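Trainee: Give the three-dimensional model of this entry:
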Amino acid sequence: MTTLQIRIEDELKMQATAICNELGLDISTAVRTFLRKMVLEGGMPFDMKVSETTRKGILAIDSMRTKSELSGLSEMSLDEINEEIRLARLEKQKR
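Mentor: This is a model prediction of the structure:
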């Protein structure tokens with residue numbers, strides 16, 4: 001048998017311990033049960049999905065990052081970006 005040490009936030013441990021107590025378990029038994037279930041299922045024993053909105057947001061950010069890198073704008077500072085926006089607004093007002 002081996003020892004597994006993990007670092008978690010105090011609040012998370014407290015909340016998990018309270019749930020385990022309600023179930024008549026200790027944390028070690030709960031973690032062993034989780035790991036056994038993971039092995040049986042060949043992966044996480046629950047769905048790990050992001051919402052469609054989150055997925056679309058991630059894709060949009062990746063697309064913007066790629067476009068900014070291709071156009072050479074990815075190295076601009078926030079001040080430079082804000083100046084570009086200011087100039088574009090001025091140009092728009094002139095029309």
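Trainee: Could you tell me the end-to-end distance of stretch 60-80?
Mentor: Terminal residues of stretch 60-80 lie 22 Å apart, using Cα to Cα, to the nearest Å.
Trainee: which element follows the worst-scoring helix or strand of the chain on mean pLDDT toward the C-terminus?
Mentor: Least confident helix or strand of the chain, by mean pLDDT, DSSP states H and E, is helix 52-71 with a mean of 86. Note on helix 52-71: by DSSP states H and E, the next helix or strand toward the C-terminus is helix 78-94.
Trainee: before we move on, back to that, so how far is the least confident helix or strand of the chain from its chain's centroid?
Mentor: Between the centre of helix 52-71 and the centre of its chain there are 15 Å (Cα atoms, centre = their mean, to the nearest Å).
Trainee: Now do the buried residues in that helix.
Mentor: Neighbour counts using 16 or more other Cβ atoms under 10 Å place no residue of helix 52-71 among the buried ones. Every residue, glycine included, has its C-beta placed from N, CA and C.
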